[in-house]
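**Student:** Sharing a model that was predicted from the sequence below.
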Amino acid sequence: MSVGRILLNILVVFAAIAGGFYQLKLKPILVKFGQGRIVDPRGNTDCTTVPELKACEKLVLHQPTGVIYLACSTQESRPHWLPNAQRFNSTGASRTDYVATYNPQSGKVTKLKTVNFNSPRGLSLHGMDVVASSSNPSELWIYLVNHREPLNGDPKVVGADSSVEVFKTALGGTTMEYVRTVEDPLVLTPNDLTGTADGKAFWVTNDYGVKTGLIRDLDLLGRATTSVVYCHETEGCKYAIQNMHGNNGITRAPNGTFYVVNSIGGQLTVLEKQADNTLVITDVIESDRSMDNASIDAEGHVWVAGFPKALVLVYEHFANPTKVASPSTAFRFSINTGPNSFYGEKFKIDRVFEDDGSLASGITSVAYDTERNRLFMHGIATPHLVICKL
């Protein structure tokens, strides 16, 4: 057989392997990330915006009052300093991020002033949880993911020196008092967290197994390196669960059930807490697209922000959020009580809201007020808070 014939056979084999890899592995990922998807707007006709609040990655509803708490930054800083998306230009980072409240009844925005927080590296905020105190419901614990610039080394090499900051505030207050900083090697790439009502503990997701490098991209192909870490004021930190895929948002129901979003895989993972505060997976709910943060409404439904066009979000919107809009979705997950439940479909997924980005661009967090029929949405580089009546 001639050399040319051998080379041709080799090329045919490689082409077959590449074609199989695309069809079996790469194409499903691209479809989940929005390739070929047509945006189907819904629920976006009776909405208002609050332009004063920008680049708020996470929002939390205080159901009794209807007040929204938001962890905010600036649109200008996000393209530079966003460690979870491997943007490590620390010279462009905002170190004056803030927690704000929005009262829908009065329309008032209040930026909470920090008290006794003296870190020279300030606040570069991402995930957040706000929990009513078990000893005094008028007091709230605020748990914050803070992506600090590293004290030593190039951030592009060593990554962010992320921590969790714990504050305390009062309902209707204008300040938040510093309580403590939690920094631990296990809190490696923190994304979102859920805290306890005594102010002493939290569960936080790591969204990658390493801080920097191209090896992180292997997670796109299914590599399971993410985790949830449990931290306690006196007991320290430990893994609650390891070897998960694409961990992002986390929330906890009143009955103790945890929900963790697999952002890459477009899944909502259901977990149960064990006596030692570790977590065990009990179910996995599939969606058709990449997703982000989750919240639970007063009726027990889980609301999750979805990305119709995830590639546009990560590679275009994050790079230029003031010029490039990214479509957004809000999902509602609930127990399936319809006929399909008899055929194994335990959960129902409703696509309640969708927008092409002209109203709701790059939404990463959603919360629904069941009493007042309001859906609140914001995003890590979004230009305004979006409020829709459903």
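**Tutor:** The structure has been received and is ready for your questions. Numbering: from 1, shown residues only.
**Student:** Please make it C-alpha for all contacts and neighbour counts, starting now.
**Tutor:** Will do.
**Student:** Skipping its backbone neighbours, what lies nearest Ile281 in space?
**Tutor:** The shortest distance from Ile281 to any non-neighbouring residue, by C-alpha to C-alpha, 6 or more residues apart in numbering, is to Leu271 (4.3 Å).
**Student:** and stretch 310-319, how far apart are its ends?
**Tutor:** End-to-end span of stretch 310-319 (C-alpha to C-alpha, to the nearest Å): 13 Å.
**Student:** go on, stretch 151-165?
**Tutor:** 17 Å.
**Student:** what sits up against it?
**Tutor:** 83, 86, 88-90, 143-150, 178-184, 187-190, 211-213 (C-alpha atoms under 8 Å, 6 or more residues apart in numbering).
**Student:** Pull out the buried residues from that stretch.
**Tutor:** Across stretch 151-165, burial judged by 16 or more other C-alpha atoms under 10 Å covers 155-156, 158-165.
**Student:** cool, stretch 187-202 as well?
**Tutor:** Per 16+ other C-alpha under 10 Å, stretch 187-202 contains these buried residues: 187-197, 199, 201-202.
**Student:** Among the residues you listed, which lie within helices?
**Tutor:** Here DSSP state H is the test, and those give no hits in helices at all.
**Student:** I'd like these as CSV, with distance to Val352 and pLDDT appended.
**Tutor:** Output for the buried residues of stretch 187-202, formatted as CSV (distance: C-alpha to C-alpha, whole Å; pLDDT from 0 to 100):
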residue, distance to Val352, pLDDT
Val187, 34, 98
Leu188, 34, 98
Thr189, 31, 98
Pro190, 29, 98
Asn191, 25, 98
Asp192, 23, 98
Leu193, 25, 98
Thr194, 24, 98
Gly195, 28, 98
Thr196, 30, 98
Ala197, 30, 98
Gly199, 34, 98
Ala201, 33, 98
Phe202, 30, 98
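**Student:** Need the residues you listed in TSV (columns: distance to Ala170).
**Tutor:** Output for the buried residues of stretch 187-202, formatted as TSV (distance: C-alpha to C-alpha, whole Å):
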residue	distance to Ala170
Val187	28
Leu188	30
Thr189	30
Pro190	26
Asn191	25
Asp192	22
Leu193	20
Thr194	19
Gly195	17
Thr196	16
Ala197	14
Gly199	14
Ala201	19
Phe202	20
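**Student:** tell me which of those residues is nearest to Thr278?
**Tutor:** Distances from Thr278 to these, taken as C-alpha to C-alpha, are shortest for Phe202 (11.6 Å).
**Student:** all helices of the stretch 1-150 of the chain, in order?
**Tutor:** Assigned by DSSP state H, counting those that start in this stretch, the stretch 1-150 of the chain shows helices spanning 3-21, 27-32.
**Student:** Could you tell me the least trusted of the ones you listed?
**Tutor:** Mean pLDDT per stretch puts helix 3-21 lowest among those, at a mean of 52.
**Student:** Can you give the distance of stretch 103-119 from its chain's centre?
**Tutor:** The chain centre lies 22 Å from the centre of stretch 103-119; the measure is C-alpha atoms, centre = their mean, to the nearest Å.
**Student:** where does the protein have low pLDDT?
**Tutor:** The chain contains residues with pLDDT under 70 at 1-25, 339-344.
**Student:** If you drop the residues flanking it in sequence, what lies closest to Leu61?
**Tutor:** Using C-alpha to C-alpha, 6+ apart, the nearest residue to Leu61 is Ile68, at 4.7 Å.
**Student:** Bridged to that neighbour, which residues?
**Tutor:** Listed by DSSP bridges, the beta-bridge partners for Ile68 are Leu61, Tyr102.
**Student:** Might you report the residue contacts of the nearest residue to Ala132 once chain neighbours are set aside?
**Tutor:** With C-alpha to C-alpha, 6+ apart as the criterion, Ala132 has its nearest non-adjacent residue at 4.4 Å, and that residue is Leu140. Contact partners of Leu140, counting by C-alpha under 8 Å, 6+ apart, are 130-133, 168-171.
**Student:** Show me which of these is closest to Cys388.
**Tutor:** Among the contacts of Leu140, and counting by C-alpha to C-alpha, the member closest to Cys388 is Val130, at 22.0 Å.
**Student:** Bridge partners for the closest one, pull those for me.
**Tutor:** Ile142.
**Student:** neighbours of it, just the number please.
**Tutor:** 26 (other C-alpha atoms under 10 Å).
**Student:** same question, Ala93
**Tutor:** 24.
**Student:** Then Arg37?
**Tutor:** Arg37: 12 neighbours (other C-alpha under 10 Å).
**Student:** again with Asn136
**Tutor:** There are 11 residues near Asn136, going by other C-alpha under 10 Å.
**Student:** Report the separation between it and Gly153.
**Tutor:** For Asn136, the distance to Gly153 - C-alpha to C-alpha - is 43 Å.
**Student:** Likewise for Ile296?
**Tutor:** Taking C-alpha to C-alpha, one finds Ile296 at 40 Å from Gly153.
**Student:** repeat for Pro51
**Tutor:** 37 Å.
**Student:** same thing with Gly159?
**Tutor:** Where Gly153 is concerned, Gly159 sits at a distance of 9 Å (C-alpha to C-alpha).
**Student:** Next: Tyr239.
**Tutor:** 27 Å.
**Student:** for Val386, same thing?
**Tutor:** 39 Å.
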